[in-house]
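Engineer: model this:
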Amino acid sequence: MLRHVPSLEKLRALKRLDLSGSLALEKMPQGMECLCNLSYLIMDGCGEKEFPSGLLPKLSHLQVFVLLEDSVVDNRFIFPLYSPITVKGKEVGCLRKLETLECHFEGCSDFVEYLNSRDKTRLLKKYRIAVGLLHHNHYEHDKNKVIVLSKLSINRDGDFRDMFPEDIQQLTIDECDDAKSLCDVSSLIKYATDLEYIYISSCNSMESLVSSSWYCSAPLPLPSYNGIFTGLKRFNCSGCKSMKKLFPLVLLPSLVNLEEITVEECEKMEEIILGTRSDEEGVMGEESSNNEFKLPKLRLLHLVGLPELKSICNATLICDSLEVIWIIECEKLKRMGICPPLLENGQPSPPPSLKRMYIEPKEWWESVVKWEHPNAKDVLLPFVRFL
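Structural biologist: Next up is the predicted model:
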């Protein structure tokens, strides 16, 4: 219920100021510009829509700068339904001793301004940065280096090209309607080898995770793909109305750490892992269909509400770590593309880690879908639960 804090101008030796949870504060405390030795600042909005301009450059010793609008619950950073306090990118970038940053930028231009003005030789130990109009009541994160983009107009603010620190671990893109693909993030494609989690939601113009021009029209030599998505563990795509295809086949060898694939309510989704360049041009790519690729750590395959899905992968996938498979309302899917482990006699056996398969409708399982081995369906049936 704290509503007012007296002037702080005489507390020149103060090093730590924590006003988190004081949601009833009506305005910023006066005299904060005098806290020249402050190294730790955490606070809520304090009645302001924007952090006072000109204040941060005077707090040059800050190592921890956290602007919250709600509580930290179970170590997950929570953004509120209402608009959090914003801060100017260039002013944050001038904090040369900063180690921890949690804040909200109003738009792409402020975020890019921060990235361009920061000390690029000194990487933060922790950051959770939100950009745009946050409209969900929360975004949950469990990594130390997180970027959230929400309701941004890419045409207005530029593109994603220079918008990601090289050490990003978790990326959420929500309702960025004019983004065509993640390939616009060229810095992400080239350098973000620490990226573990991608969540894309309601980006209605996005047609593929990586644009075909990047790997089809002028394909790079194979070594150039090294490092792309090699750290990726979780991928979630939900409610993207134009999304047709996700990972190109050329990236499949890089997804060695991928543990979860979740794709939901993407009404035009046709392929999860799309084929070679010849496949894209309408020519059968025999090489892709004969090749085997391993996703050695894949535990969860969650495909729900994909009425146009025709293929998981043109090549054969070896996924011996699968624990749970969901195939719900994907009635045009005719070939799974996943090869169960084979015994010495050549007969299939369930993946040793498999716990459950959730299937709907039952008719799809019984009459439509085909597996890589003709006996695979009978072997897997004991694990199936029809919904």
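Engineer: beta partners for Lys370?
Structural biologist: The bridge-partner assignment for Lys370, based on DSSP bridges, gives Arg335.
Engineer: hang on, isn't it packed against Lys334?
Structural biologist: Yes - Lys370 is within contact range of Lys334, at 6.2 Å (criterion: CB atoms under 8 Å). The way it works is simple: take the backbone N, C-alpha and C, and place the C-beta from them, glycine included.
Engineer: show me the shaky parts of the stretch 1-150 of the chain.
Structural biologist: 45, 69-83, 135-140 (pLDDT under 70).
Engineer: can you map out the helices along it?
Structural biologist: Listed in chain order, the helices of the stretch 1-150 of the chain (DSSP state H, counting those that start in this stretch) span 89-93, 108-117.
Engineer: next, the buried residues of the shortest one.
Structural biologist: This points to helix 89-93. Within helix 89-93, the residues that count as buried by 16 or more other CB atoms under 10 Å are 89, 91-93.
Engineer: in a markdown table, list the residues you listed along with distance to Cys103.
Structural biologist: Shown next, in a markdown table, are the buried residues of helix 89-93 (distance: CB to CB, whole Å):
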| residue | distance to Cys103 |
| --- | --- |
| Gly89 | 9 |
| Glu91 | 10 |
| Val92 | 7 |
| Gly93 | 11 |
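Engineer: and the pLDDT at Ser181?
Structural biologist: Looking at Ser181, its pLDDT stands at 74.
Engineer: could the helices of the stretch 1-150 of the chain go into TSV alongside distance to Asn291?
Structural biologist: Shown next, in TSV, are these (distance: least, CB to CB, whole Å):
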stretch	distance to Asn291
helix 89-93	45
helix 108-117	39
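Engineer: and those: which comes nearest Glu323?
Structural biologist: Closest to Glu323 of the helices of the stretch 1-150 of the chain, according to CB to CB: helix 108-117, at 37.4 Å.
Engineer: out of the buried residues of helix 89-93, the closest to Lys245 would be?
Structural biologist: Gly89 (33.9 Å).
Engineer: can you map out the strands along the stretch 251-387 of the chain?
Structural biologist: Under the criterion DSSP state E, counting those that start in this stretch, the stretch 251-387 of the chain contains strands at 260-264, 271-274, 292-294, 300-304, 311-313, 316-318, 324-328, 338-339, 356-360, 384-386.
Engineer: okay if I get the ones you listed as a markdown table plus mean neighbour count?
Structural biologist: Listed next are those as a markdown table, based on neighbours: other CB atoms under 10 Å:
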| stretch | mean neighbour count |
| --- | --- |
| strand 260-264 | 20 |
| strand 271-274 | 23 |
| strand 292-294 | 14 |
| strand 300-304 | 19 |
| strand 311-313 | 21 |
| strand 316-318 | 19 |
| strand 324-328 | 19 |
| strand 338-339 | 19 |
| strand 356-360 | 17 |
| strand 384-386 | 12 |
